[in-house]
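**Q** below are the sequence and a predicted model for it; my questions follow.
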Amino acid sequence: MYVGRFVVVAPGVGAYRVSSRSFPNRKATGREPGTVTVGPTADAPETDNPYVEYNCLRLTDNGAVIGNGSHVDPIAEKLDLGYPARDAVAEPLLALDFEKDDYDTPRVAGVVGVDAADPSTNADGPGAVIGTVRRDALLVEEVTEPTLVATYERDSPEPVDFAATDAAAAASEAYGMDLEHEVCAVGVAGDSEGGFETAIFNGDDE
Ligand SMILES: NC(=O)c1ncn([C@@H]2O[C@H](COP(=O)(O)O)[C@@H](O)[C@H]2O)c1NC=O
């Protein structure tokens, strides 16, 4: 099955995977501390598609954000400002809406290390929030078990088997899920000092 990009979050751990039919020549790169960017590899054909290069992971003092586009940055900014995680996810998703491409591609996002409703406990974790905006819906919810939402087919949050508890395992487990056209994945998990660890998996031949 092809589901496109997807997020998995659970309390204290999360992963984001790029799967792509149209733009497979991409990788995830940690360009600066606390930020991971998806972008083209050196051999990728040029494109003017505005949706294929973006920050897919941002760490804040109030939670870690993952997602499939430019909404990741304003979600991180709102967490930094102390917004409840539910609102930090919902507002940018609603403002930016689904992508204006040939597929009305939904935006998907997850935050780990948060309380959904009370910003004063955001940094204490280990809660998680997942969200998506589609042409027909805005869905944002707190989760207590591993939950997946994808751009296509599996486009409402649903429980998923996900065993990883650290960042490296989360990235490789998401990359290895039996869903077509895997490209790269990132993982994030709370660490023992109240911060986050992150990992990137660009496939076995990186
Ligand atoms: N975030 C991404 O990595 C991403 N990659 C592709 N898209 C969009 O989704 C469309 C379909 O891409 P694909 O055939 O690879 O699933 C693309 O034309 C582009 O508008 C993306 N936008 C949202 O998922």
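**A** Cool, the structure landed.
**Q** now for the helix or strand Cys184 falls within, which elements pack on it?
**A** Element membership for Cys184 (DSSP states H and E) is strand 182-190. Under the contact criterion of 3 or more CB pairs under 8 Å, 6 or more residues apart in numbering; DSSP states H and E, strand 182-190 touches strand 13-19, strand 26-32, strand 54-60, strand 63-67, strand 107-114, helix 167-176, strand 196-201. Heads up, the C-betas are built off the backbone N, CA and C, glycines and all.
**Q** remind me which residues of the chain are low pLDDT?
**A** 115-126, 205-206 (pLDDT under 70).
**Q** what residues does it put near the ligand?
**A** Contact residues, the chain versus the ligand (CB under 6 Å from any ligand atom): 4-5, 18, 20-23, 38, 49, 51-52, 68-69, 99, 101, 103, 105, 151.
**Q** chain center to the strand holding Cys184, what's the gap?
**A** The gap between where strand 182-190 is centred and where its chain is centred comes out at 8 Å by CA atoms, centre = their mean, to the nearest Å.
**Q** next, the angle strand 54-60 makes with it.
**A** 10 degrees (axes from the mean of the first three to the mean of the last three CA atoms, to 10 degrees).
**Q** OK, contacts around Arg14?
**A** No Arg there; residue 14 is Gly. Neighbouring residues of Gly14 by CB atoms under 8 Å, 6 or more residues apart in numbering: Val7, Val8, Ala64, Ile66, Gly110, Val111, Val112, Ala128, Ala170, Gly187, Val188, Ala189.
**Q** just name the closest of the residues you listed to the ligand, please.
**A** Val7 (10.5 Å; CB to the nearest ligand atom).
**Q** just checking, the closest one is part of a strand?
**A** Yes - counting by DSSP: H, G, I helix; E, B strand; the rest coil, Val7 falls inside a strand.
**Q** which residue, other than its chain neighbours, is closest to it?
**A** In space, and not counting its chain neighbours, Val7 is closest to Gly110: 4.2 Å by CB to CB, 6 or more residues apart in numbering.
**Q** partner residues bridging that neighbour?
**A** Gly110 has these beta-bridge partners by DSSP bridges: Ile66, Ile130.
**Q** doesn't Gly63 make contact with it?
**A** No - counting by CB atoms under 8 Å, Gly110 does not reach Gly63; the two are 9.7 Å apart.
**Q** I'd like to know how many residues surround Asn49.
**A** Around Asn49 there are 10 other residues, counting by other CB atoms under 10 Å.
**Q** hey, which helix is longest across the protein?
**A** Looking across the chain with DSSP state H, the single longest helix is helix 85-96.
**Q** which other residues reach it?
**A** Applying CB under 8 Å, 6+ apart, the contact partners of helix 85-96 are 62-63, 69-71, 74-75, 78-79, 83, 107, 109, 111, 114-117, 119, 122, 127, 129-133, 138, 140, 142.
**Q** who's in contact with Ile32?
**A** Actually, residue 32 is Glu. It isn't Ile. Counting by CB under 8 Å, 6+ apart, Glu32 has no contacts.
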